[in-house]
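Asker: model the structure of this input:
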Amino acid sequence: MLNSTIARTKFFDLSKIYIANRNSSNLINSIIHLTTKPILLFPKDFIAITMDCVIVKRQYLTVDPDAFLKISSMPSYPNDKQNVIILNKQENIIDEVEYSDNWHFHLIQYRRCFFGKNRL
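Answerer: As a prediction, the model looks like this:
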């Protein structure tokens, strides 16, 4: 599922990563810069990207309380379906996944966070 660009990368500097979605014309839309602070994400590390770390930490078991990145805004990711796009600084697609509502775990109530994992 990982493309060749990701497979060759040993870590990501999140200050050079953007997230986005697609609009109704299937064009990349709502590009959000994750952070200006250099944060390295290494193989098998994970980070929760959310607009409200406190709520997520209160509602879910937190194994690593430092593995959260608070951002001020997030692209729209409706519950029914959307594309989650990860871009580099040049706005080239690093990875993309199209999800649908049947992927949701029905006991999760708070949906304003996106969990990703660097599985290298």
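Asker: could you list the low-pLDDT ranges of this structure?
Answerer: Within the chain, the segments meeting pLDDT under 70 span 1-9, 104-120.
Asker: buried residues in the helix ranked longest in the chain, which are they?
Answerer: Ranked by number of residues, the top helix in the chain under DSSP state H is helix 53-59. By neighbour count with 16 or more other CB atoms under 10 Å, helix 53-59 contains the buried residues C53, V56. In this view, the C-beta of every residue, glycine as well, is placed from N, C-alpha and C.
Asker: same thing with stretch 74-90?
Answerer: Those would be M74, P75, Y77, Q82, N83, V84, I85, I86, L87, for stretch 74-90 by 16+ other CB under 10 Å.
Asker: right, and I28 touches E91 too?
Answerer: Yes - using CB atoms under 8 Å, I28 makes contact with E91 at a distance of 7.4 Å.
Asker: between the two, which one's more packed in?
Answerer: Legend: neighbour count by other CB atoms under 10 Å for I28 and E91, higher for I28 (17 against 11).
Asker: so the more buried one bridges to which residues?
Answerer: Here I28 sits in beta bridges with R22, going by DSSP bridges.
Asker: who's in contact with it?
Answerer: Contact analysis of I28 by CB atoms under 8 Å, 6 or more residues apart in numbering lists A20, N21, R22, I85, L87, E91, I93.
Asker: any idea how far E96 is from the second one?
Answerer: Using CB to CB, to the nearest Å, we find N21 at a distance of 10 Å from E96.
Asker: and for these two, which residues touch both?
Answerer: Residues touching both N21 and E96 (CB under 8 Å, 6+ apart): N83, V84, I85.
Asker: keep only those of those that are in strands.
Answerer: Of the positions in the shared contacts of N21 and E96, N83, V84, I85 sit in strands, assigned by DSSP state E.
Asker: let me know the closest of those residues to T62.
Answerer: V84 (22.1 Å; CB to CB).
Asker: now the helices: where do they sit in the chain?
Answerer: Secondary structure of the chain (DSSP H): helices located at 4-8, 53-59.
Asker: so the closest residue to F11 other than its chain neighbours versus N21, what's the distance?
Answerer: The shortest distance from F11 to any non-neighbouring residue, by CB to CB, 6 or more residues apart in numbering, is to F42 (4.7 Å). According to CB to CB, F42 stands 26 Å off from N21.
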